[in-house]
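Engineer: take this sequence and fold it.
(chains A and B)
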2 protein chains.
Amino acid sequence: MSGTEMHTVRSFEDELNQLSDIILRMGGMAEAQLTAAVQALVRRDSLAATDIIVADHRIDALEQDIHALAVRILALRQPMADDLRAIVSALKISADLERIGDYAANVAKRVLVINQLPPVPALASIPLMGRLVQEIIKEVLDAYVERDVEKALGVWHRDQEVDELHTSMFRELVSLMMEDPRNITACTHLMFVAKNIERIGDHATNIAETVHFLTVGRVLPMSRPKGDQAGEFMAPVQPSGSSRDT
Amino acid sequence: MSGTEMHTVRSFEDELNQLSDIILRMGGMAEAQLTAAVQALVRRDSLAATDIIVADHRIDALEQDIHALAVRILALRQPMADDLRAIVSALKISADLERIGDYAANVAKRVLVINQLPPVPALASIPLMGRLVQEIIKEVLDAYVERDVEKALGVWHRDQEVDELHTSMFRELVSLMMEDPRNITACTHLMFVAKNIERIGDHATNIAETVHFLTVGRVLPMSRPKGDQAGEFMAPVQPSGSSRDT
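Structural biologist: As a prediction, the model looks like this:
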């Protein structure tokens, strides 16, 4: 191999490494934003919530960086096989991480509203969901770095725990609204907070699927367990003692 | 140009056309699913809702087709400039259309639950939102076919109408819940229905941004008007006559 070729090969590798470095940075930021948003909710901390909302654009900017870099690599390097998959995967994962950032920022926006309302009891399940989803994000990023399919599949299955927590949370919130109408506004926002966290979990499973594609070279054959098939849809809660028209 | 070259060129074009044909087919299906889901809601038609849920996998399958075709074209043709942008754009747009299909199916799932509950008055704004978003999808697909940046930017701005409708819908639903606790379960599902339709609008604006990138060759400089910055967050509704703890 000539010196020039060595140089070309090395700098192509550098570019690919740069792509996954940005992914990891984005992932770390998305994870931190989620954790901070849940903490801001628990502590009723509007200042922290504002910081989260403001910081979201940094994740968006990294997605743009990945997009630009990926298109440049595709155009200049015309990569094949594994390298091509690495680039397409980086595009997909960065889109998922950008959405995770959006959902975390949306939680923070709702914290600002919730903090203006009377506190609602029994918030325990939201930090629980938050911690679980944060762990899942961490794990799927590890799976990405280590190109570890087993770990990715683990994430894929663990997302069902999130869906179960989400379903019980949903029912708890409906009960609180029925008990006292003064809870209604805050509870509707908490429902969307819970939904956002559940959607973050879904995006983590998307990333797990992409890690599978990246490592194994083909798309996962099974259909993904989706949050919106959870028990939330199965047994609607009715106000106790009230009659049903249907 | 030799005969062989002609052939290669033509079949490359065929492949690119095939990509945009699948996008259009996906887009048509996503639009139809949304329309059908809103109709199923208005008519309380659980049979139609079930059909929509079952049909969703066909949109998912088309996304997989686009992914496979795009990766194949990237690997075999090593496209440059405009062609490369067309392929990256097809990947992005198909991801948005797949999500639109998911949201429509989610509306249909909620219709199944809502149909088991007493009817809630004043649903007029949901079909209104539905029709508006359906028009927006149609327009952004036209913009894609015609590579029409102006039309794409029109869609991008029109999404704010959707956000406004969504905000007023949200308030209306909170009021209904406060009036009668028997409305609560149905109204929470209707909130998510409205949210889903608003999110479909957001994905249409994503597509508009991609059409801009595809046509102009660079990313839109302005930041996108996002649904989650709408008035829903500004003035929380309080039960009339009840005291506030904070």
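Engineer: please count neighbours and contacts with C-alpha atoms only from this point.
Structural biologist: Noted.
Engineer: what comes up buried for the longest helix belonging to chain A?
Structural biologist: Secondary structure of chain A read by DSSP state H shows that its longest helix is helix A:3-42. Burial within helix A:3-42, assessed by neighbour count using 16 or more other CA atoms under 10 Å in any protein chain shown, is assigned to A:12, A:16, A:19-20, A:22-24, A:26-31, A:33-41.
Engineer: is chain B within reach of it?
Structural biologist: No: Helix A:3-42 does not reach chain B (CA under 8 Å from any CA of the partner chain); its nearest approach is 15.0 Å.
Engineer: is the helix or strand just after that helix positioned near chain B?
Structural biologist: Later in the chain than helix A:3-42, the nearest helix or strand by DSSP states H and E is helix A:46-77. Yes: using CA under 8 Å from any CA, helix A:46-77 reaches chain B at A:71, A:74-75.
Engineer: burial count for A:Q134?
Structural biologist: By other CA atoms under 10 Å in any protein chain shown, 21 other residues sit near A:Q134.
Engineer: list the helices and strands the helix or strand harbouring it packs on?
Structural biologist: Per DSSP H and E, A:Q134 falls inside helix A:125-145. In this structure, helix A:125-145 packs against helix A:3-42, helix A:149-179, helix A:184-216, with contacts taken as 3 or more CA pairs under 8 Å, 6 or more residues apart in numbering or on different chains; DSSP states H and E.
Engineer: tilt between the second one and helix B:184-216?
Structural biologist: Spelled out, that is helix A:149-179. 130 degrees (axes from the mean of the first three to the mean of the last three CA atoms, to 10 degrees).
Engineer: check which residues of helix A:149-179 are buried.
Structural biologist: Result for helix A:149-179 [16+ other CA under 10 Å]: buried residues A:149, A:151-156, A:158-167, A:169-178.
Engineer: ok, stretch A:48-68 next?
Structural biologist: Quick answer for stretch A:48-68 (16+ other CA under 10 Å): A:48-50, A:52-53, A:56-57, A:59-60, A:62-64, A:66-67.
Engineer: which of those residues sits closest to chain B?
Structural biologist: A:Q64 (8.3 Å; CA to the nearest CA).
Engineer: need the contact partners of stretch A:31-38.
Structural biologist: A:48-49, A:52, A:101, A:104-105, A:107-108, A:111, A:126-127, A:130-131, A:134, A:137-138 (CA atoms under 8 Å, 6 or more residues apart in numbering or on different chains).
Engineer: one more pass at 7 Å, please.
Structural biologist: Residues from elsewhere that reach stretch A:31-38 (CA atoms under 7 Å, 6 or more residues apart in numbering or on different chains): A:49, A:52, A:101, A:104, A:107-108, A:127, A:130, A:134, A:137.
Engineer: okay, it in CSV with CA atoms only?
Structural biologist: Extracted in CSV, the C-alpha atoms of stretch A:31-38 (Å, rounded to 0.1, in the frame of the first residue of the first chain):
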residue,chain,number,x,y,z
GLU,A,31,-29.8,11.0,28.2
ALA,A,32,-28.8,14.0,30.4
GLN,A,33,-31.8,16.1,29.1
LEU,A,34,-34.2,13.3,30.0
THR,A,35,-32.7,12.9,33.5
ALA,A,36,-32.8,16.6,34.1
ALA,A,37,-36.4,17.0,32.9
VAL,A,38,-37.6,14.3,35.2
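Engineer: mind checking how far that stretch is from the chain centre?
Structural biologist: 11 Å (CA atoms, centre = their mean, to the nearest Å).
Engineer: which ones are touching A:F12?
Structural biologist: Taking CA under 7 Å, 6+ apart as the test, A:F12 contacts no residue whatsoever.
Engineer: measure it to chain B for me?
Structural biologist: Separation of A:F12 from chain B (CA to the nearest CA, to the nearest Å) stands at 16 Å.
Engineer: find the residue at the geometric middle of chain A.
Structural biologist: Centroid check for chain A by CA atoms, centre = their mean gives A:I200 as the closest residue, at 2.8 Å.
Engineer: helix or strand: which one has the residue nearest to that one when sequence neighbours are not counted?
Structural biologist: The shortest distance from A:I200 to any non-neighbouring residue, by CA to CA, 6 or more residues apart in numbering or on different chains, is to A:I100 (5.3 Å). If you go by DSSP H and E, A:I100 is part of helix A:81-114.
Engineer: for chain A, which spans come out with low pLDDT?
Structural biologist: In the prediction, chain A carries residues with pLDDT under 70 at positions A:1-10, A:122, A:218-246.
Engineer: sweet, I'm off.
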